[in-house]
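Participant: below are the sequence and a predicted model; questions follow.
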Amino acid sequence: MREEFEKLAAASKISRAQIDPLAQLATHGYAFHRSWGVGKVANWDWLFSKVIIDFQSRAGHSMDLAFAAESLKPIPAEHIMARKYTELPKLREMAALHHLDLIKLVLESLGGRASVDQIQQLLVPEVITDDWKKWWEVAKKEMRKDGHFQVPTKKTEPVVYQTEETSLKDRLLADFRAAKGLKAKLVVAGEFQKNFDELGDTSGLPEVIGGLNADINSHQRTQPALALEAVFLRDELRQLAGLGTEGEELTAAGIWSQVNKPWTILEQVSASKHRRALQSFKEANPENWSDILLSGINNSSTKLAGEIAVLLIQEGKLQVLKEHFARLIAQHSASSELMLWLAKERSDAFADILGPEVFRAMLSSMERDQFNNELKRSNKLGDYIMNDQSLIVELIGSADLEVIKDLTRALQLSPCFDDMDKRSLLARIVKTYPAVQSLITGEQS
């Protein structure tokens, strides 16, 4: 057909630059248009220099050849977009039963590599009609086990298909060697841990452990929290592989011995590692760990405060913890983060301190946040109080009527809630204690 296009170019009906795109269109038989989607070449009209395309939304659409050359992108019949046009039920079956075959088809259609977003755009919603995230998580696990796919640790990096199979160990080792900085290396080392049962060959782990050790030493002073996480992961990998230590290694206790402000380190450690970090701090400071942790619990995030409380309770320090909480509540100096944890916890262990003063302390903590940081827009404790329908009633349940009235006045005057939220909270109180209604409405019985 190229000869026909040559003749049209000689007759000035198309330009010579348009010959190759039209020849590709004739060879492939399918095309993509930005507005009309995928279409199949149905016929050529040489007399009027037109091509007839069957688009999904407009069958038998006639296009001038010059316009077709400029606006259409030729795609081969095996391309994922062409297959969606001709074999959509088969692709849906492939998505249900053969995840890797489908991803391979997408990647080969895009030159062997594609971002996760590109893959999703091509498959959802026509091919994958269910939960994409769930489908993709399953597919990722299968890809990591298969030797033909490179699955990136970052979402912005492409998924790559390679014809030559590479073992999981070799792929992860290559990723570890290419990782820049300790944070990136921790992500790859974490993949060794997650996929340990699939590795088969653990001969690469000594290199990973050695690499982590080198960065632990160089980060112990500049980024101790990151170094601490690396120590935890290094020890877990060694335990999994049954490897012994080689020479002197920096331990968690060694890092803690150099730290003057443990709270900064604990907050910088990933939330999932809080419990491990606290345990290591306890082991590094066996004599005074509980006093140090208690002294800082009121300045901790909700997550960290909860983990500290759990550790103290496990170590038989519940009474000490409750006494500390009671002092903070009585002095109205408890932080909103700590009050949020206590509101969420509300277990029987703290039943004797969960009373009306806790609600008053909550209001004080939120007002203090507003006063100290005008830019702070998040009010997690306030949101929790609004969302938990039973919290206020439970806290004031043991109070007499005068105390309840006093708390009602405090709530009415508080700047922490807007008028709509205040009315909602006051309605909860009135529903349980109708006697305070006159205080709110101003009516006398």
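Facilitator: On my side now, so go ahead. Numbering: from 1, shown residues only.
Participant: so which residues make contact with stretch 329-348?
Facilitator: Residues from elsewhere that reach stretch 329-348 (CB atoms under 8 Å, 6 or more residues apart in numbering): 297-302, 305-306, 309, 325, 328, 350, 353-354, 357-358, 360-362, 364-366, 368-369, 379-381, 384-385, 388, 391, 394. Heads up, the C-betas are built off the backbone N, CA and C, glycines and all.
Participant: from what I can see residue 428 touches residue 395, true?
Facilitator: No - here residue 428 lies out of contact with residue 395, judged by CB atoms under 8 Å, at a distance of 11.1 Å.
Participant: out of these two, which sits in the more crowded spot?
Facilitator: Between residue 428 and residue 395, counting by other CB atoms under 10 Å, residue 395 is the more crowded of the two (21 against 15).
Participant: so who does that one touch?
Facilitator: Taking CB under 8 Å, 6+ apart as the test, what residue 395 contacts is 354-356, 358-359.
Participant: just residue 263 next, same as before
Facilitator: Taking CB under 8 Å, 6+ apart, we find residue 263 in contact with 296, 299-300.
Participant: buried among the residues you listed? Make that a PyMOL selection.
Facilitator: Those of the contacts of residue 263 that count as buried under 16 or more other CB atoms under 10 Å are selected in PyMOL with:
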select buried, resi 296+300
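Participant: distance to residue 436 added to the contacts of residue 263, as a markdown table?
Facilitator: Listed next are these as a markdown table, based on distance: CB to CB, whole Å:
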| residue | distance to residue 436 |
| --- | --- |
| 296 | 38 |
| 299 | 35 |
| 300 | 35 |
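Participant: in the chain, which helix or strand is least confident?
Facilitator: helix 437-441 (a mean of 66; mean pLDDT, DSSP states H and E).
Participant: tell me, what residue is most central in the chain?
Facilitator: The centre of the chain sits closest to residue 155, judged by CA atoms, centre = their mean, with a distance of 10.7 Å.
Participant: for it, which non-adjacent residue is spatially closest?
Facilitator: Excluding its sequence neighbours, the residue lying closest to residue 155 (CB to CB, 6 or more residues apart in numbering) is residue 116, at 5.7 Å.
Participant: from the contacts of residue 263, which is closest to residue 13?
Facilitator: The shortest approach to residue 13 among those belongs to residue 300, at 76.5 Å (CB to CB).
Participant: hang on, residue 283 packs against residue 251?
Facilitator: No - Residue 283 is beyond contact range of residue 251, at 9.5 Å (criterion: CB under 8 Å).
Participant: which one's more surrounded, those two?
Facilitator: Neighbours per residue (other CB under 10 Å) separate residue 283 from residue 251, with residue 251 holding more: 16 against 13.
Participant: tell me the spacing between the spatially closest residue to that one that is not a sequence neighbour and residue 225.
Facilitator: Closest residue to residue 251 apart from its sequence neighbours, by CB to CB, 6+ apart: residue 231 at 6.6 Å. Distance of residue 231 to residue 225, computed by CB to CB, to the nearest Å: 11 Å.
Participant: which one of those two has more residues nearby?
Facilitator: Remark: of residue 231 and residue 225, residue 231 carries more neighbours, 24 against 19, as counted by other CB under 10 Å.
Participant: which residue ranges of the stretch 251-400 of the chain form helices?
Facilitator: 252-256, 262-268, 274-284, 289-296, 302-314, 318-330, 336-345, 356-372, 380-387, 391-396 (DSSP state H, counting those that start in this stretch).
Participant: picking up where we left off before, which residues touch the residue nearest to residue 251?
Facilitator: Contact analysis of residue 231 by CB under 8 Å, 6+ apart lists 216, 250-252, 255.
Participant: export those to JSON lines and tack on distance to residue 22 and pLDDT?
Facilitator: Below are the contacts of residue 231 laid out as JSON lines (distance: CB to CB, whole Å; pLDDT from 0 to 100):
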{"residue": "216", "distance to residue 22": "61", "pLDDT": "96"}
{"residue": "250", "distance to residue 22": "67", "pLDDT": "94"}
{"residue": "251", "distance to residue 22": "70", "pLDDT": "94"}
{"residue": "252", "distance to residue 22": "68", "pLDDT": "95"}
{"residue": "255", "distance to residue 22": "67", "pLDDT": "95"}
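Participant: would you write a ChimeraX line that selects the buried entries of the residues you listed?
Facilitator: To isolate in ChimeraX the members of the contacts of residue 231 that are buried, counting by 16+ other CB under 10 Å, one can use:
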select :216,250,251,252,255
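Participant: which single one of the contacts of residue 231 is nearest to residue 95?
Facilitator: Nearest to residue 95 out of the contacts of residue 231 is residue 216 (CB to CB; 43.3 Å).
Participant: returning to what we had before: ok, of the contacts of residue 263, which one's closest to residue 204?
Facilitator: Distances from residue 204 to these, taken by CB to CB, are shortest for residue 300, at 38.3 Å.
Participant: for the closest one, what are its contacts?
Facilitator: Residue 300 is in contact with 263, 266-267, 308, 337-338, counting by CB under 8 Å, 6+ apart.
Participant: tell me the one among these nearest to residue 106.
Facilitator: residue 267 (41.6 Å).
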